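Asks: got a predicted structure here, sequence first:
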Amino acid sequence: MPELELHDSLVEEGLRCLLHTILFVRSPGSVRPQDSHCALLAPLTYAKCGVPDVDTTVNNAIIAFQRSLISVSPTNFRGTIVISFFETRPTKSFLGWMKNTEKVYFERWKIPIIINTDALPAEGGDTYSYEWHRIRESGRNDIKRAMVRILEVNSNN
């Protein structure tokens, strides 16, 4: 995936959107899609699998991602979130005494992100409205492009 640049206020919603999109298009078998409407990136909507465990896993991945960020400047951080699909296979061990399993990866998504933590101007003024609109529009466009990329890659498989 191409690198995204998001304001820190949009990171959680943006990642939730992308991760759920990947999981939805890769879900084995039939699922009951559940529309999820973005609040900050509105009018963006994405499909979720509708499984509570998936929501929990996505939320935990976002928390782990936020803890792993590396500072690249006083107001910018960089990180990559990876979602992997794999099978476990038994492996033979020395003299057959121990049985192990190995993960065989068949698909891996890497989403590199730069997070901008610049403070917004004081709320209520024209500058605040303009800057907030610019940040939201830019973030929404980046997320939409990434969603299209996910759908394109999945349709080619």
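Replies: Sure thing, it's come through.
Asks: when you work out contacts or count neighbours from here on, use the C-alpha atoms and nothing else.
Replies: OK.
Asks: what's whichever helix in the chain runs longest packed up against?
Replies: For the chain, the helix with the greatest residue count under DSSP state H is helix 126-156. Packing partners of helix 126-156 (3 or more C-alpha pairs under 8 Å, 6 or more residues apart in numbering; DSSP states H and E): strand 4-7, helix 11-26.
Asks: present these as CSV; the columns should include mean neighbour count and distance to Ser93.
Replies: Below are the helices and strands packed on helix 126-156 laid out as CSV (neighbours: other C-alpha atoms under 10 Å; distance: least, C-alpha to C-alpha, whole Å):
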stretch, mean neighbour count, distance to Ser93
strand 4-7, 20, 43
helix 11-26, 19, 32
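Asks: a strand runs through Arg89, doesn't it?
Replies: Yes - the assignment for Arg89 is a strand, going by DSSP: H, G, I helix; E, B strand; the rest coil.
Asks: where does pLDDT dip in the chain?
Replies: 94-98, 157 (pLDDT under 70).
Asks: got CSV for the helices and strands packed on helix 126-156, with distance to Asp53 too?
Replies: Shown next, in CSV, are the helices and strands packed on helix 126-156 (distance: least, C-alpha to C-alpha, whole Å):
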stretch, distance to Asp53
strand 4-7, 27
helix 11-26, 12
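Asks: now for these, which one comes closest to Glu123?
Replies: Taking C-alpha to C-alpha, strand 4-7 is the member of the helices and strands packed on helix 126-156 nearest to Glu123, at 16.3 Å.
Asks: which strands and helices sit next to that closest one?
Replies: strand 100-116, helix 126-156.
Asks: minimum distance to Cys38: which of the ones you listed has it?
Replies: Per C-alpha to C-alpha, nearest to Cys38 of the helices and strands packed on strand 4-7: helix 126-156, 9.8 Å.
Asks: from the chain's centroid, how far away is the closest one?
Replies: Centroid separation between helix 126-156 and its chain, computed with C-alpha atoms, centre = their mean, to the nearest Å, is 13 Å.
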